[in-house]
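Pasted the sequence and its predicted model underneath.
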Amino acid sequence: MTDGLDGRSVIVTGAGSGIGRAAALAFAAQGDRVVVADLDAARAEAVVEEIGRAGGTAVAVTGDLSEQAVVDRVTETAVERFGGVDVLVNNAGIMDSMSAAADVGDAEWERVIRVNLTAPFLLTRAVLPHMLEAGRGAVVNTASEAALRGSAAGAAYTASKHGVVGLTKSLAVMYRKQGIRANAICPGGTATGITVDADRSAHGPSALAPHFVNLGRVARPEEQAAAIVFLASEAASGVNGAILPVDDGWSAV
């Protein structure tokens, strides 16, 4: 299972579980070397061990990617261990409490924006010099169905994922002449460990509830990972600035 680019250096964030884990395993299965970045050390190490048992190569880096020191450590690990950064998958993210704007506290807003939008920016900024030096690179961001509409999550999460789409498109335009591509997937409902702590009687969750009727089939993490691996592959060499729904048609309703 290879596209002729064996041995690429790939960073996957949020790789300890869910979509990130599935993506890390898929990249490793085709011969890529993976930096497994996650907040949870035990889960990150478990994925590295799983990759190793299958004959692949991976290393774990743990910490909060909204902190510059952790971003630097992830980037340095990829460069020192694997010779550079060929692919960056900004997948780590957190959910909000489905709150409407009037009910979002400062702490929730700032944390969701920091993890979902600022952290991908920080890591992208850190790896860009290495991609520019190499004259190639692929960035794949995990946005969300919430990036395509206003009715799939609360105000903070929705704003953060719309921001991810904007960042993706900006990267695609700014760096296409330097051989760097940037794309994003927009997952619909997916069977991951992310939970929503919401007061269903509050205004936000009650206003959103009717819109989940058209959710469609819940995807497996491997289905989202397949889209990520494709967008990072040579098969997608002409795809740049694409925002790809992987949502069983939810966005088409």
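Yes, it's here.

first to last residue in stretch 214-223, what's the distance?
Distance between the two ends of stretch 214-223: 19 Å, counting by Cα to Cα, to the nearest Å.

and it, how far from the chain's centre?
Remark: stretch 214-223 is offset 16 Å from the chain centroid, using Cα atoms, centre = their mean, to the nearest Å.

Show me which parts of it are buried, residue by residue.
216, 219, 221, 223 (16 or more other Cβ atoms under 10 Å). (Glycine included, C-beta is placed from N, CA and C.)

contacts for that stretch?
Contacting residues not belonging to stretch 214-223 are listed as 18-19, 21-22, 26, 187-192, 246-250, 253 [Cβ atoms under 8 Å, 6 or more residues apart in numbering].

List the buried residues in the helix or strand Ala78 falls within.
For Ala78, the element it lies in under DSSP states H and E is helix 68-82. Under the neighbour-count criterion of 16+ other Cβ under 10 Å, helix 68-82 has 70-71, 73-75, 77-79, 82 buried.

now for that helix, which elements pack on it?
Contact partners of helix 68-82 among helices and strands, from 3 or more Cβ pairs under 8 Å, 6 or more residues apart in numbering; DSSP states H and E: strand 9-13, strand 33-38, strand 57-62, helix 119-134.

Touching whichever helix or strand comes after the second one from outside, list them.
Put plainly, it is strand 33-38. Using DSSP H and E, the next helix or strand after strand 33-38 towards the C-terminus is helix 41-53. For helix 41-53, the external contacting residues (Cβ under 8 Å, 6+ apart) are 15-17, 21, 24-25, 28, 34, 36-38, 57-62.

again, only this time at 7 Å
Helix 41-53 is contacted by residues 15-17, 21, 24-25, 28, 34, 36, 38, 58-60, 62 when judged by Cβ atoms under 7 Å, 6 or more residues apart in numbering.

between these, which has the most around it?
Ala24 (34 neighbours; other Cβ atoms under 10 Å).

and the helix or strand hosting that residue, how far out from the chain's middle?
If you go by DSSP H and E, Ala24 is part of helix 18-29. Mean C-alpha position of helix 18-29 versus that of the full chain (Cα atoms, centre = their mean) differs by 11 Å.

What of stretch 135-151?
So, by Cα atoms, centre = their mean, the centroid of stretch 135-151 is 7 Å from its chain's centroid.

Would you mark the buried spots in it?
Buried residues in stretch 135-151, defined by neighbour count with 16+ other Cβ under 10 Å: 136-149.

Among those residues, give me the pair with the biggest separation.
Across those, no pair lies farther apart than Arg136 and Arg149, at 33.6 Å, counting by Cβ to Cβ.

What secondary structure category should be reported for the residue with the largest distance to the centre of the chain?
Residue farthest from the centre of the chain, counting by Cα atoms, centre = their mean, is Ser201 at 30.6 Å. Assigned by DSSP: H, G, I helix; E, B strand; the rest coil, the conformation of Ser201 is coil.

what's it sitting at in phi/psi?
Phi and psi for Ser201, reported as degrees, to the nearest 10, are phi -90, psi -10.

again with Gly14
According to degrees, to the nearest 10, Gly14 has phi 60, psi 30.

how about the nearest residue to it, chain neighbours excluded?
Of all residues not flanking Gly14 in the chain, Ala92 sits nearest, at 3.2 Å (Cβ to Cβ, 6 or more residues apart in numbering).

Check Arg136 too.
Using Cβ to Cβ, 6+ apart, the closest residue to Arg136 is Gly179 (4.3 Å).

Assess the claim that the one you found and Gly135 are in contact.
Yes - Gly179 lies in contact with Gly135 (Cβ atoms under 7 Å); the separation is 4.8 Å.

Now do the host helix or strand of Glu223: distance to the chain's middle.
With secondary structure defined by DSSP H and E, Glu223 is part of helix 221-231. In terms of Cα atoms, centre = their mean, the centre of helix 221-231 is found 11 Å from the chain centre.
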